[in-house]
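1. Provided below for reference: sequence and predicted model.
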Amino acid sequence: MRALLYDPEAPQGLRLGEAPEPVPRDAQALIEVHATSLNFGELAYREERARPGQVL
């Protein structure tokens, strides 16, 4: 799946890349998302705690 990944070498620390398809566990559902956005909290998380390659 396409995902926005943390990459400290990329501009703004973000790059569009590929991530494994998620697999739902018991009592979970997998939904298809057509669009999304990042909010200030997620961008702050990227600055403080994100690991390279982590999906935001």
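-> It's in. Numbering: from 1, shown residues only.
2. contacting residues around Arg46?
-> With contacts defined as Cβ atoms under 8 Å, 6 or more residues apart in numbering, Arg46 is in contact with 6, 13-14, 56. C-beta: built from backbone N, CA, C; applies to glycine.
3. let's go with 6 Å and repeat that
-> Neighbouring residues of Arg46 by Cβ atoms under 6 Å, 6 or more residues apart in numbering: 6, 13.
4. So for the host helix or strand of it, what gets flagged as buried?
-> Using DSSP states H and E, Arg46 sits within helix 40-48. Along helix 40-48, these residues count as buried under the neighbour rule (16 or more other Cβ atoms under 10 Å): Arg46.
5. distance between it and the chain's centre?
-> The chain centroid and the centroid of helix 40-48 are separated by 12 Å, computed with Cα atoms, centre = their mean, to the nearest Å.
6. Also stretch 43-56?
-> With Cα atoms, centre = their mean, you get 8 Å for stretch 43-56.
7. Mean confidence (pLDDT) on that stretch, please.
-> Averaged across stretch 43-56, pLDDT comes to 78.
8. just use 45 as the starting number from now, easier for me
-> Right, with 45 as the first residue, what we last looked at is stretch 87-100.
9. which residues of the protein score low on pLDDT?
-> Applying pLDDT under 70 to the chain flags no residue at all.
10. the strands in it, which residues?
-> 46-50, 58-62 (DSSP state E).
11. What are the contacting residues of the first one?
-> Contacts made with strand 46-50 from outside it, assessed by Cβ under 6 Å, 6+ apart, are listed as 58-59, 61, 63, 90, 94, 97-100.
12. Show me which positions of that strand end up buried.
-> Across strand 46-50, burial judged by 16+ other Cβ under 10 Å covers 48-50.
13. what's the closest of those to Ala79?
-> Minimum distance to Ala79 across the buried residues of strand 46-50 is 12.2 Å, recorded for Leu48 (Cβ to Cβ).
14. ok, what's across the strand from the closest one?
-> Leu60 (DSSP bridges).
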